[in-house]
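Participant: Here is my input; please provide its structure:
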Amino acid sequence: MTHTIETLIAGPRGSRPLRLAGLTRLRPGLLLAGVFVGLLLLAAVVPHWLAPYDPLDATARLAFQAPSNVHWLGTDENGRDVLSRLIYGVRSSLFMGLAATALGLAWGTLLGLIAGLGPRWLDGALMRGIDVLLSFPDLLLALVIITFFGQGTANLILAVGIAGVPRYARLVRAQTLTVRNAGYVESAVTLGQSQLAVVLRHILPNAFKPVLILATIGIGGAITAGAALSFLGFGAPPPAPEWGGMMAIGRSFLANAPWLVAWPALIITLTVVSISAIGRELLRRSEGKPL
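Facilitator: You can find the predicted model right below:
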């Protein structure tokens, strides 16, 4: 992630527009990632279209059934269909990842702008604090934060979002320092535009593009962090269909029902890899690299 930030700060080495025709030359892996993310979005919006059963419908006599043509991914300790629970869990996982990323992006952008446009002493103080926070892994920082706030989806989003703030603040600050000395910004100031207007019309839009690319990649990391914290018991309480929580419960039955852990782990991995692949493709395009 640090390498990605440094690459984005360095700026594009020549750029070319994103054309729809370029889709025909996308790598097969990227196409598969796009299709998978599309299915995730569909599952998040209309899970009842895809799920064969109610995710909360428990039938004790169906407990621990192995994958079959009736329950494709098996059933859990309460006889609930694992596939249905995974599908309904998409909404909470994607919402958590998107909300946490948006929270980190918003506060990171604000702090980055303040550091990049403020006096030197304020810039130095903010960046020293940011550097200290960046020295800790996001997951560890989120774990410390959620320990104070307690269990729950809202607190999970808050913890993961705050943990992502330093990353976005550092990049926005670097972009702001570059853009504020551009000719069009100096011209706007000369023409008498207010500082707020200059920031909103010229600095922020031009500094925001690489930040959005980083945020796209960061969604996968936020989903991973959220699942890890749910696994540790900080997410929504059972019987909510949450991927990390499903793995936490399934580990108790790993010897006899390994699918209870295997399927959530696989879906988390595929989700993170797919979202990261799309984000890194956006990064390649912004740098003008060929497909």
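Participant: which stretches of the stretch 51-200 of the chain aren't confidently modelled?
Facilitator: Low-confidence segments of the stretch 51-200 of the chain (pLDDT under 70): 186, 189, 191-192.
Participant: which residues in it form helices?
Facilitator: For the stretch 51-200 of the chain, the helices defined by DSSP state H, counting those that start in this stretch occupy 82-117, 120-134, 138-149, 153-179, 183-190, 195-198.
Participant: got the buried residues for the third one?
Facilitator: Buried residues in helix 138-149, defined by neighbour count with 16 or more other CB atoms under 10 Å: 138-139, 141-143, 145-146. The way it works is simple: take the backbone N, C-alpha and C, and place the C-beta from them, glycine included.
Participant: With the fifth one instead?
Facilitator: Along helix 183-190, these residues count as buried under the neighbour rule (16+ other CB under 10 Å): 185, 188.
Participant: And that helix, what does it pack against?
Facilitator: helix 195-198 (3 or more CB pairs under 8 Å, 6 or more residues apart in numbering; DSSP states H and E).
Participant: elements contacting the helix it packs on?
Facilitator: Under the contact rule (3+ CB pairs under 8 Å, 6+ apart), helix 195-198 is packed against helix 183-190.
Participant: please redo it, this time with the cut-off set to 6 Å
Facilitator: Contact partners of helix 195-198 among helices and strands, from 3 or more CB pairs under 6 Å, 6 or more residues apart in numbering; DSSP states H and E: none.
Participant: distance of the residue minimising distance to the centre of the chain from Arg61?
Facilitator: When the chain is reduced to its mean C-alpha position, the nearest residue by CA atoms, centre = their mean turns out to be Ile219, at 1.2 Å. Noted for Ile219: a distance of 40 Å to Arg61, by CB to CB, to the nearest Å.
Participant: Just give the number of residues close to Asn181.
Facilitator: 9 (other CB atoms under 10 Å).
Participant: Provide a list of residues in contact with the residue nearest to the centre of the chain.
Facilitator: Contacts of Ile219 were listed using CB atoms under 6 Å, 6 or more residues apart in numbering, and they are 97, 101, 275.
Participant: Tell me the secondary structure at it.
Facilitator: helix (DSSP: H, G, I helix; E, B strand; the rest coil).
Participant: ends of stretch 199-206, how far apart?
Facilitator: 10 Å (CA to CA, to the nearest Å).
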